[in-house]
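Chemist: Quick one, fold the following:
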Amino acid sequence: MKQQETAIGRTAVAAKRKQYFYPCTAHFYRDAPQLVRGSMQFVYDENGKSYTDFFAGVSVVACGHCNPVITGRTIAQLQQLQHTSTVYLTQPNVDLAERLEEVLPGNLRRSFFVNSGSEANEGALLLARMHTGRKGFIALESGLHGRTNLTMSVTGLQMWRTDQYLDEDVTFIERPYHPELTLEEAAAVSLKSLERVLKEKGHTIAAMIVEPIQGNGGMIMPALTYFREVKALLEAYGVLLIDDEIQTGYGRTGAMFAMEHFGVVPDIISMAKALGNGVPVAAFATTDDIAASLNRPSASTFGGNPVSAATALAVLDYIRDEQLPERAAELGAQLKGGLESLQERYPGMIVDVRGTGLMLGAELAGPDAAGSAALTDDVLEAMKDRGYLIGKNGIGRNVLAFQPPLVITAEDIDGLLTALNEVLLQVSTEKEE
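Modeler: The predicted structure follows:
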């Protein structure tokens, strides 16, 4: 392959990263491959070795790497009209907005296009302030919403709160999860906290922002009644609900949007990642009434550009035609069942399996927090050597994250589970010795 022939190699790439990147940039592996090519659920390194991707670029390439059905339409648009900005009329972005109305929940129908999840959440928070005339926000502990100042301010996961001068008008409440409580008990604790905050200062709160399933927080999915009760409390105080579907959207959880599992229609929804399948495109959407409040001049130079919009339209067509949400539900049940079987076999190492669809996490335990994180790194490294790329997240960075392209097969899942069993068996044997 030409790309492999011109690849400088993993050692040289790592050296250039160290020389030219900021020190905050890191990668997962001790011996990290240089990835040079992708095809659907597979990626290939500079030596031609193939890896089955079970992380999808952090939940991005849901339709597969370099999917020819999608990239063909991207290339066609790139050759016809690449960029103009929204100060001119073009068709792809209005067609995309029209298509989004068809898949968005409830009466959400107005879309504002940007380039990333951080921008989408930033815009959603701004919209909430403009509509309510209030400044404050409520967020869940251990959530992640972006790397801009305001989205970092509503991020509860401490490792991602880089800026020491964050917005102080944010109140965090307990997330609806605790390892020593049932999901219902943890939801009750969180709801009591929310009710207390609303009683104290609900008149100053513009919105509550949530991930329906916390991804970086460790694949945390609340009890199914939780968000219905959250929405009822917020409505009583005129507070909006922002649904951050950056990681969960577009079929990954077995539904087009994860909030559908809870039977709730949010006031504002933010989207990115899978919408572009690797091409930068994001948006925040809302109702006619709320959208009317964003009436002062605003624009995104690249947001909704013809190439991104044409790509997103191709993505939506592919999700529909290949029934990817249904596929994620079916294959996710297979993967979750397999992980739960491994948990029964290795209860001292896998302490929890959680999530839904193809957004699953397996929490690992070592002798202590540092040991748990080290064990997770060891498993990732060994799985990579066996040709499987998986992610990691969680407060202690000790949760294996399974977020593969939705085009994986049952055979891919069987292969992953076999390899993971081999790795865990090896680790447990070494522990006994």
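
Chemist: Secondary structure element for the residue nearest in space to the middle of the chain, which one?
Modeler: Per C-alpha atoms, centre = their mean, the C-alpha nearest to the average position across the chain is that of Gln247, at 1.8 Å. Secondary structure from DSSP states H and E places Gln247 outside every helix and strand.

Chemist: Might you report the residue contacts of it?
Modeler: Gln247 is in contact with Val58, Ser59, Glu211, Ile213, Gly215, Lys273, Met359, Gln403, counting by C-beta atoms under 8 Å, 6 or more residues apart in numbering. In this view, the C-beta of every residue, glycine as well, is placed from N, C-alpha and C.

Chemist: Filter these down to the buried ones, ChimeraX style.
Modeler: For the buried members of these, the matching ChimeraX selection, counting by 16 or more other C-beta atoms under 10 Å, is:
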select :59,211,213,215,273,359,403
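
Chemist: which one of the contacts of Gln247 is nearest Thr286?
Modeler: Looking at the contacts of Gln247 and their distance to Thr286, the nearest is Glu211, at 17.7 Å (C-beta to C-beta).

Chemist: What about that closest one? Give its phi and psi, please.
Modeler: Glu211 adopts backbone torsions of phi -100, psi 130, taken as degrees, to the nearest 10.

Chemist: How many residues are close by the nearest residue to it once chain neighbours are set aside?
Modeler: Nearest residue to Glu211, sequence neighbours excluded (C-beta to C-beta, 6 or more residues apart in numbering): Asp244, at 4.8 Å. The number of residues packed near Asp244 is 33, by other C-beta atoms under 10 Å.

Chemist: Asp244 and Ile213 touch, don't they?
Modeler: No. Counting by C-beta atoms under 8 Å, Asp244 does not reach Ile213; the two are 10.0 Å apart.

Chemist: how about the helices in the stretch 201-350 of the chain?
Modeler: Counting by DSSP state H, counting those that start in this stretch, one finds helices in the stretch 201-350 of the chain at the ranges 226-236, 288-291, 306-321, 324-345.

Chemist: Spatially nearest residue to Leu335 (excluding sequence neighbours)?
Modeler: Nearest non-adjacent residue to Leu335, counting by C-beta to C-beta, 6+ apart: Ile413, 5.0 Å away.

Chemist: and if you look at Gly38?
Modeler: Distances taken as C-beta to C-beta, 6+ apart put His65 closest to Gly38, at 2.9 Å, once the chain neighbours are dropped.

Chemist: For the one you found, give me its contacts.
Modeler: Contacts of His65 by C-beta under 8 Å, 6+ apart are Gly38, Ser39, Met40, Gln41, Phe42, Val43, Asp53, Gly278, Pro405.

Chemist: which residues does it bridge with?
Modeler: Beta-bridge partners for His65, by DSSP bridges, are Met40.

Chemist: Distance check, it against Asn277.
Modeler: According to C-beta to C-beta, to the nearest Å, His65 stands 9 Å off from Asn277.

Chemist: on that earlier part again, out of the helices of the stretch 201-350 of the chain, which comes closest to Gly251?
Modeler: Nearest to Gly251, of all the helices of the stretch 201-350 of the chain, is helix 324-345, at 3.9 Å by C-beta to C-beta.

Chemist: pLDDT (mean, whole number) over the closest one?
Modeler: Averaged over helix 324-345, pLDDT sits at 98.

Chemist: residues making contact with that helix?
Modeler: The contact list for helix 324-345 (C-beta under 8 Å, 6+ apart) reads 62-63, 250-256, 318-319, 350-353, 355-360, 362, 402, 406-410, 413-414, 416-417, 420-421, 424.

Chemist: Go again with 7 Å.
Modeler: Helix 324-345 is contacted by residues 62, 251-256, 350, 353, 356-358, 360, 362, 402, 406, 408, 410, 413, 417, 420-421, 424 when judged by C-beta atoms under 7 Å, 6 or more residues apart in numbering.

Chemist: Next: stretch 210-220.
Modeler: 59, 140, 142-144, 157, 175, 177, 221, 227, 243-245, 247-248, 253, 258-259, 262, 354-355, 359-361, 363, 393-395, 399, 401.

Chemist: for stretch 346-365, same thing?
Modeler: The contact list for stretch 346-365 (C-beta under 7 Å, 6+ apart) reads 213, 218-221, 248, 252-254, 261, 328-329, 331-332, 335-336, 339-340, 342-343, 372, 375-376, 379, 394, 398-404, 406, 424, 427-428.

Chemist: Could you do stretch 230-241 as well?
Modeler: Contacts with stretch 230-241, where a contact means C-beta under 7 Å, 6+ apart, come from 128, 131-132, 194-195, 198, 202, 205-208, 264, 266-268.

Chemist: Taking those together, which two end up most distant?
Modeler: His131 and Glu195 (22.7 Å).

Chemist: Neighbour count: the two, which is higher?
Modeler: Using other C-beta under 10 Å, the more surrounded residue of His131 and Glu195 is His131, with 22 against 17.

Chemist: Distance check, the residue nearest to the centre of the chain against Pro347.
Modeler: Plainly put, Gln247 is 28 Å away from Pro347 if you go by C-beta to C-beta.

Chemist: cool, His261 as well?
Modeler: Plainly put, His261 is 28 Å away from Pro347 if you go by C-beta to C-beta.

Chemist: Mind checking which of those two has more residues around it?
Modeler: Remark: of His261 and Pro347, His261 carries more neighbours, 19 against 10, as counted by other C-beta under 10 Å.

Chemist: Let me know how buried the closest residue to the more buried one other than its chain neighbours is, in neighbour terms.
Modeler: Nearest non-adjacent residue to His261, counting by C-beta to C-beta, 6+ apart: Ala255, 5.8 Å away. As a burial measure, Ala255 scores 22 neighbours (other C-beta under 10 Å).

Chemist: Test for you: state the pLDDT assigned to Ala255.
Modeler: Ala255 is assigned 98 on the pLDDT scale.

Chemist: I'd say Gly106 and Val265 touch.
Modeler: Yes. Contact between Gly106 and Val265 holds when scored by C-beta atoms under 7 Å: they sit 3.3 Å apart.

Chemist: Which residue of those two possesses the greater neighbour count?
Modeler: Ranked by neighbour count (other C-beta under 10 Å), Gly106 and Val265 place Val265 first, with 18 against 12.

Chemist: Report pLDDT for the more buried one.
Modeler: 98.

Chemist: same question, Val399
Modeler: Here the pLDDT value assigned to Val399 is 98.
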